[in-house]
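# Structure for this input, please:
(chains A and B)
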There are 2 protein chains.
Amino acid sequence: MAVYTEVSADDISAFVAEYGLGAVLTFKGIAEGVENSNYLLQTEGGSFILTLYEKRVKPEDLPYFITLMDHLAARGITCPRPVHDLEGVALKTLCDRPAAMVSFLNGISLKRPSFAHCGELGRALAELHQAAADFTGFRANALSLEGWQDLAAKAAPGADSVAPGLEQTIRDEIAWLEAAWPHDLPSGVIHADLFPDNVFFLGEKLSGIIDFYFACNDALAYDLAICINAWCFEPDGAFNATKARQMVAGYQAVRPMTAQEIAAFPILCRGAALRFLLTRLYDWRNQIDGALVRPHNPIPFLERLRFHQQSLSAATYGFDAE
Amino acid sequence: MAVYTEVSADDISAFVAEYGLGAVLTFKGIAEGVENSNYLLQTEGGSFILTLYEKRVKPEDLPYFITLMDHLAARGITCPRPVHDLEGVALKTLCDRPAAMVSFLNGISLKRPSFAHCGELGRALAELHQAAADFTGFRANALSLEGWQDLAAKAAPGADSVAPGLEQTIRDEIAWLEAAWPHDLPSGVIHADLFPDNVFFLGEKLSGIIDFYFACNDALAYDLAICINAWCFEPDGAFNATKARQMVAGYQAVRPMTAQEIAAFPILCRGAALRFLLTRLYDWRNQIDGALVRPHNPIPFLERLRFHQQSLSAATYGFDAE
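Next up, the predicted model:
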């Protein structure tokens, strides 16, 4: 939940006028997104989300995110569609911050997605990958192997205060992944943060995918491995193999994966678990006094990592045995 | 900004079904109100605000607030209109908390209201007082003289750490107000917390008054004194006499005040300044670690109190000399 920058009525009225969208009808800070300030904005011209990009987003990355959403929306993906002002500009400035307005998407995010929702998510992820296949932008994944090494150097020393043996677990896992990580899988644009709170549903139907601010170019199958980690573990830590099976089947119905991708899948799942373990561990140990956002507990991702370490075959995740 | 209680998609769908308002289209926590959890809810039947009442609201007071909003909305006041479920119930339970759904009001709250907005506010306040004249509910003002004495006993000792001499200033002011406070002014329902963030405008037109959770029965003129404190001081501390004049004129155009009310007005302004000084001082000195809301600085209300202490006549606030 976050509104870091307060925008005055005069500021928002002047800003909206640049789009020719009529008068402002309502303007409310919303508790969505933890990195940026988000507002619900309704004008005579429609409903929108206005985002002010705060310090954790690099301004030089914003054109990639904005043009990616433009690209995906034009291909029918239900993602926020950037709104361009009367001069055609989508990435603007408001209150001294980069700012963009996107279309409002109906739907609600689910705390407890069902099997059916997981199947929908798998299909939508593959459609997103396919729709982005001809996107010409490129952004390296700052949170892959190299990024993990940097994060581990900062977050691992003293990590045993969070869980006994955690520092060694991280060092061992990074060493193992350095040796095992696949480098020649089919790649393209991945969302890279497709947790349930970034997906809207209307009933069983997926109605929106939001928050593209970790999107980057990387192995497509790694994106599915992130979703397995984010959607298929129950609150008590149990891996829900039925949800994984539905998600994998949904994905493969749209984009069948190669034998190499399937063989590498357990490794990708370990990498995805480590990635979220490291960022959550870092935020957990570097809590800012007076921050408006409470960091996530890293421990569930340690448990997920341990699960994946025991998984020797892609069959665990619902792929058919070769 | 506040969302203290997370409501799941299943919970909200079941809740909305009890109203017969169709399917949920969107459901977002909003950064509005500091005491309760507020959600924007759109269903096939319209747009609403859902409030879950958190610990600072006494459950036994809620029927007063809800029936007051029902009463005012029925008389054309642009306040949230409580929505009744299929059995006629407006005050319900959700996630183990009292909860109510009200109509959504367009408009935006202003950080810097103009003269014209202050005039509109004065008129709207008088209309609210008149519309509530035949409301039969009664709630004592917990934050009048007696309440201030209790608060001062808790917040004054050691207050000099916030501003030198503050403890003595509070004790002296309470003693002065005990002697001077008028007890026989025209009374009725007052909003009691009508700050600019509780009022919506569309352009220059007032479109909504929200947050009735301090409403109570007290002197009507005291409500206007609160608004003078809340709307007519500039960020640098200056009293804007033109705004006050417009507000008073707007109020009197609808409900002309009695000579007794006008004569008492400088005293009421001192009381209103002390009331917000005390609650802000208390919250300032009792900040909760990890709270999602940053308390307001009490010092501006100390400065406003000092201004009123120097004001010997209602003419200061824009009343015509008798």
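# any idea how far A:Arg306 lies from chain B?
27 Å (Cβ to the nearest Cβ, to the nearest Å). All C-beta spots, glycine's among them, are computed from the backbone N, C-alpha and C.
# Likewise for A:Glu234?
In this view, A:Glu234 and chain B are 15 Å apart by Cβ to the nearest Cβ.
# so what pLDDT did that residue get?
Among the per-residue scores, A:Glu234 holds a pLDDT of 96.
# tell me the contacts of the residue nearest to it when sequence neighbours are not counted?
The shortest distance from A:Glu234 to any non-neighbouring residue, by Cβ to Cβ, 6 or more residues apart in numbering or on different chains, is to A:Asn240 (5.6 Å). By Cβ atoms under 8 Å, 6 or more residues apart in numbering or on different chains, the residues touching A:Asn240 are A:232-234.
# who wins for neighbours among those residues?
The member of the contacts of A:Asn240 that has the most neighbours, counting by other Cβ atoms under 10 Å in any protein chain shown, is A:Cys232 with 24 neighbours.
# Secondary structure element for the residue nearest the centre of chain A, which one?
With the centre of chain A defined as its mean C-alpha position, the nearest residue by Cα atoms, centre = their mean is A:Asp193, 1.7 Å away. Remark: A:Asp193 resides in no helix or strand, with elements defined by DSSP states H and E.
# State the distance from it to B:Ala90.
Going from A:Asp193 to B:Ala90 by Cβ to Cβ, to the nearest Å gives 40 Å.
# coming back round to it: would you agree the residue nearest to the centre of chain A is in contact with A:Ile210?
No - look at A:Asp193 against A:Ile210 with Cβ atoms under 8 Å: they stay out of range, at 10.0 Å.
# neighbouring contacts of stretch A:139-148?
Against stretch A:139-148 from outside (Cβ under 8 Å, 6+ apart): A:61, A:64, A:151, A:174, A:177-178, A:181, A:190, A:192, A:214-218, A:271, A:274-275, A:278-279.
# and these, which of them are in helices?
In helices, judged by DSSP state H, the following of the contacts of stretch A:139-148 are found: A:64, A:151, A:174, A:177-178, A:271, A:274-275, A:278-279.
# Throw those residues into a markdown table and include distance to B:Thr78 and neighbour count, thanks.
Listed next are those as a markdown table, based on distance: Cβ to Cβ, whole Å; neighbours: other Cβ atoms under 10 Å in any protein chain shown:
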| residue | distance to B:Thr78 | neighbour count |
| --- | --- | --- |
| A:Tyr64 | 44 | 20 |
| A:Leu151 | 52 | 21 |
| A:Ile174 | 60 | 19 |
| A:Leu177 | 60 | 18 |
| A:Glu178 | 63 | 12 |
| A:Gly271 | 55 | 27 |
| A:Leu274 | 54 | 26 |
| A:Arg275 | 50 | 25 |
| A:Leu278 | 51 | 26 |
| A:Thr279 | 46 | 19 |
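# For the residue nearest to the centre of chain A, which non-adjacent residue is closest in space?
Using Cβ to Cβ, 6+ apart and skipping residues adjacent in sequence, the residue nearest A:Asp193 is A:Phe214, 4.0 Å away.
# How many neighbouring residues does the one you found have?
A:Phe214: 20 surrounding residues under other Cβ under 10 Å.
# Any figure for the gap between A:Pro164 and chain B?
Using Cβ to the nearest Cβ, one obtains 25 Å as the distance from A:Pro164 to chain B.
# Kindly report the same for A:Asp193.
Computed as Cβ to the nearest Cβ, the A:Asp193 to chain B distance reads 19 Å.
# can you check A:Val24 too?
A:Val24 sits 6 Å away from chain B, going by Cβ to the nearest Cβ.
# Specify the beta-bridge partners of that residue.
Using DSSP bridges, the beta-bridge partners of A:Val24 come out as A:Thr43.
# Which residue ranges of the stretch 201-322 of chain A form strands?
In the stretch 201-322 of chain A, strands defined by DSSP state E, counting those that start in this stretch lie at A:205-209, A:216-219, listed in chain order.
# Could you pull up phi and psi at A:His183?
With angles defined as degrees, to the nearest 10, A:His183 shows backbone torsions of phi -120, psi 0.
# ugh, wrong one, A:Val83
Torsion angles at A:Val83 (phi, psi; degrees, to the nearest 10) stand at phi -100, psi 130.
# Identify the residues contacting the closest residue to A:Ala241 other than its chain neighbours.
Leaving out its chain neighbours, the residue that sits closest to A:Ala241 by Cβ to Cβ, 6+ apart is A:Gly318, at 6.6 Å. For A:Gly318, the residues meeting the contact criterion (Cβ under 8 Å, 6+ apart) are A:241, A:244-249.
# could you redo these as a markdown table and give each row pLDDT?
Conversion of these to a markdown table gives the following (pLDDT from 0 to 100):
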| residue | pLDDT |
| --- | --- |
| A:Ala241 | 96 |
| A:Ala244 | 97 |
| A:Arg245 | 97 |
| A:Gln246 | 97 |
| A:Met247 | 98 |
| A:Val248 | 98 |
| A:Ala249 | 97 |
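# Produce a PyMOL select command limited to the buried residues of these.
One line in PyMOL is enough to select the buried members of the contacts of A:Gly318, burial here meaning 16 or more other Cβ atoms under 10 Å in any protein chain shown:
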select buried, chain A and resi 244+245+246+247+248+249
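# possible to save the contacts of A:Gly318 as a markdown table with distance to B:Met257?
Rendered in a markdown table, the data for the contacts of A:Gly318 read as follows (distance: Cβ to Cβ, whole Å):
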| residue | distance to B:Met257 |
| --- | --- |
| A:Ala241 | 73 |
| A:Ala244 | 70 |
| A:Arg245 | 73 |
| A:Gln246 | 69 |
| A:Met247 | 68 |
| A:Val248 | 73 |
| A:Ala249 | 73 |
